[in-house]
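Undergrad: kindly generate the corresponding structure for this input.
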Amino acid sequence: MALVDRWYKILNILETNSNISQNALEDSLGTSRQTLKKNIQLLNKELNGIARITLDNHQYSLSIIQFEEYEKILSGKLKKESDFNSSSKRIAYILKRLIEYDAPITINDLSEELSVSRGTVTNDINSIRDVIQLYEVKIIGVTNKGLVISGSELNLRLLYINIVLDYFSMERVNEIIKQKILSKCRDLKVPKQSINLLIRVVETSFMRIAQGHNLIDEIKYYQNFISNTDVFEQFIIFLEEEYDITLSSNERDFIGFPFNIYNQGNEPQKEYNFDISAYIFSAMMKKIHGLFIIEFDENKLYEEIKVHLSHLINRLLMRIKAKDLFSIQLEAKYPLSNAMAKVAGQVIEKLIGRPVPDVEISYLTLYFEMALNRGSDSSNKDIAVICHTGRGTAKMIKQQLQRVLGNNVNISVYSQNEVNNELLEKYFAIFTTIPLRQDAITIPVIQLSTIFDDNYVREQWERVERNKTIDSAYIEVLVTNLDDTLNYKENLKKMTDTLEQHLLTDPDFVKRIFEREEIKSTVFENGVAMPHAINKKSNKVVLNVGRFEAPFLVGSKEVEIVFMIGIPEDAPAVIENVLLEVYEFFFMVVNTPEIKERLLNAKDNAEVKELIRKEVI
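TA: Take a look at the predicted model:
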């Protein structure tokens, strides 16, 4: 990564995270501590008097001193001031020459213009080929003439906007026009992050139009949500008058795309056609239900996500990466929702023809997590509150707990000298300000300070309720040792036979398992498979964990662990919660080698159940 590019990545990360640890910043940049320290020293010299990056108690933070000057930095000032010793600037220059001039250019010409060797230019062009491949653009050598660039007009413009313009001054948007655009942006309530993009779009559009390169084709799936608004029409009229040109509908839509990639909620009234979002959402749900037998309110999810999908589609089409606001690893925190989001991303990529970046998967993960949110019923649950300072303080804590958990929870309060293990065993959970001997108590214990954090209590309560669902009242767990002398289907039959012998599945369960396998293989990554089907025999979730002694080849994938899940035909809410926890545990095994290893080494059914219990809370 070129130095100036790393500087901007550091700034983007610090803007998103008010504080970030040394380790996290090193991991994000893929660099060593020594290199990071040197990069930040150099960056602070460039930011002198404008902003400052500081390290305190192993945490980096960014302080901004002159906001106007800092905005110029974010607009690409450091890139513009870099010289051709920077490979990124050389790459931008080569692309600029290829896009702006229709005539072929030789490597010798580029070498002379950049004042670098032919070998350096050749290496830069090889780097460029990797970059432009994402834009479906190619550099082609014309015999005895030189190099030309080839691609659709849309992709060439996006390449110019995203890669070239950060390094060079505008030629068609002078300072007067820029100030007028900024004034129009205030009328249009353009999001801050879109203003610089809009100026680059205007610069690029009128450069290409002046060269005779027009957008002939409509952009499939793209929507201009403000095309019919008066403020946008006035903006287009202003541009047409400034540049003495009449813009086609395609050009208008392209110039308008910076207004149509984010949902800020305060822009001029947008008009959405949700046909595309509905079509993509339907395809997403079909794919998800093909992999998971899972129930949630799809209508509610669609209403929540449809506007987001509309903007997401536009971002993908225009190759704009959303800002990464996630300082947590959502894949680890919400494994099931993340797995569903990845499936949704695959569907979107196939339909739209654009790769879906990880940051977009993160946003989708949160939508699915909201849809799956298993807010449980807190009624009819008895909890005990124990306080070392006596019953008066315990009553105060009781009032706080009722505010957080609701009045339907039955709360009993005790002082330290009133409790014993026999008394406490009748409760659903214990909240305490004193240390208790955990090994002598079989129910969940939540440790409190006298004054506690509401969010902490909610989080701990959810953990307790999830823990309670993974018991014999709601789930049956078996472990089957699989046979590598049999084929995969024969091993699946062995697992279904085991379930039937334990009177846990109906006779047709095996048929439904194999019918599902015929439709779509349930072998996932990292040696884990999940065949599952409706079970008409039991009202519990039935889980049979099959384990091979060594990786077993199934098609082109290796399998070590098989999760066979029997799902009750009519599942009440508590069973749905158990099923979701089993799914979450499955994806923890897929994504976490340590958990997978512990599952492979678990001795019996009880140890597997306990592992699930520990990992999903």
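
Undergrad: quick check: F168 touching K96?
TA: Yes. The pair formed by F168 and K96 meets the contact definition of Cβ atoms under 8 Å, at 6.5 Å. Every C-beta, even on glycine, is put in place using the N, C-alpha and C of the backbone.

Undergrad: show me the beta-bridge partners of I139.
TA: I149 (DSSP bridges).

Undergrad: so what does the closest residue to V4 other than its chain neighbours look like in phi/psi?
TA: Setting aside the residues directly before and after it, V4 is nearest to S82 in space (Cβ to Cβ, 6 or more residues apart in numbering), at 5.1 Å. For S82, the backbone dihedrals (degrees, to the nearest 10) come out as phi -70, psi 160.

Undergrad: all strands in the protein, in order from the N-terminus.
TA: Ranges of strands within the chain are 20-21, 51-56, 59-64, 138-142, 146-150, 382-387, 410-415, 429-432, 445-447, 475-481, 528-529, 532-535, 541-554, 557-568, based on DSSP state E.

Undergrad: contacts for the third one, please.
TA: Meaning strand 59-64. Strand 59-64 has contacts (Cβ atoms under 8 Å, 6 or more residues apart in numbering) with 11, 14-15, 18-22, 25, 40, 50-54, 70.

Undergrad: go on, the fourth one?
TA: Contacts made with strand 138-142 from outside it, assessed by Cβ under 8 Å, 6+ apart, are listed as L98, P104, I125, I128, R129, I132, L147, V148, I149, S150, G151.

Undergrad: change it to 6 Å
TA: P104, L147, V148, I149, S150 (Cβ atoms under 6 Å, 6 or more residues apart in numbering).

Undergrad: nearest to Q211 among these?
TA: I149 (13.1 Å; Cβ to Cβ).

Undergrad: looking at the contacts of strand 138-142, which has the most residues close by?
TA: Scoring the contacts of strand 138-142 on neighbours with other Cβ atoms under 10 Å, the highest-scoring entry is I149 at 21 neighbours.

Undergrad: just the pLDDT at that residue, thanks.
TA: pLDDT for I149: 95.

Undergrad: hang on, it packs against L98?
TA: Yes. With contact defined as Cβ atoms under 6 Å, I149 counts as touching L98 (4.0 Å).

Undergrad: returning to that earlier point: the residue nearest to V4 contacts D5, correct?
TA: No. If you go by Cβ under 6 Å, S82 and D5 don't touch, sitting 9.8 Å apart.

Undergrad: which of these two has more residues huddled nearby?
TA: Shown here are S82 and D5; by other Cβ under 10 Å, S82 has more neighbours (21 against 16).

Undergrad: what about that one, distance to L198?
TA: Counting by Cβ to Cβ, to the nearest Å, the gap from S82 to L198 is 24 Å.

Undergrad: and the one residue sitting closest to the centre of the chain, what pLDDT?
TA: Per Cα atoms, centre = their mean, the C-alpha nearest to the average position across the chain is that of S362, at 1.3 Å. We have a pLDDT of 87 for S362.

Undergrad: try M370
TA: pLDDT at M370 comes out at 80.

Undergrad: what about it, neighbour count?
TA: M370 has 14 nearby residues by other Cβ under 10 Å.

Undergrad: around the closest residue to it other than its chain neighbours, how many other residues sit close by?
TA: Leaving aside its sequence neighbours, M370 sits nearest to E304 (Cβ to Cβ, 6+ apart; 6.7 Å). Using other Cβ under 10 Å, the number of residues around E304 comes to 13.

Undergrad: same thing with the one 3 residues further on?
TA: Counted with other Cβ under 10 Å, residues neighbouring V307 total 16.

Undergrad: from S362, how far off is it?
TA: According to Cβ to Cβ, V307 stands 17 Å off from S362.

Undergrad: pLDDT below threshold where in the stretch 451-600 of the chain?
TA: Applying pLDDT under 70 to the stretch 451-600 of the chain flags the ranges 451-473, 571.

Undergrad: just to revisit the earlier point, mind putting the strands of the chain into a markdown table with distance to S194?
TA: Formatted as a markdown table, the strands of the chain follow (distance: least, Cβ to Cβ, whole Å):
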| stretch | distance to S194 |
| --- | --- |
| strand 20-21 | 25 |
| strand 51-56 | 22 |
| strand 59-64 | 20 |
| strand 138-142 | 30 |
| strand 146-150 | 27 |
| strand 382-387 | 50 |
| strand 410-415 | 51 |
| strand 429-432 | 48 |
| strand 445-447 | 45 |
| strand 475-481 | 49 |
| strand 528-529 | 42 |
| strand 532-535 | 44 |
| strand 541-554 | 47 |
| strand 557-568 | 43 |
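
Undergrad: indicate which one of those strands is closest to F206.
TA: Shortest separation from F206 across these is recorded for strand 146-150, at 19.5 Å, computed as Cβ to Cβ.

Undergrad: give the other helices and strands that that closest one contacts.
TA: With contacts taken as 3 or more Cβ pairs under 6 Å, 6 or more residues apart in numbering; DSSP states H and E, strand 146-150 sits against strand 138-142.

Undergrad: what are the ranges of the helices in the stretch 201-350 of the chain?
TA: Under the criterion DSSP state H, counting those that start in this stretch, the stretch 201-350 of the chain contains helices at 230-243, 249-255, 275-291, 298-317, 330-333, 335-352.
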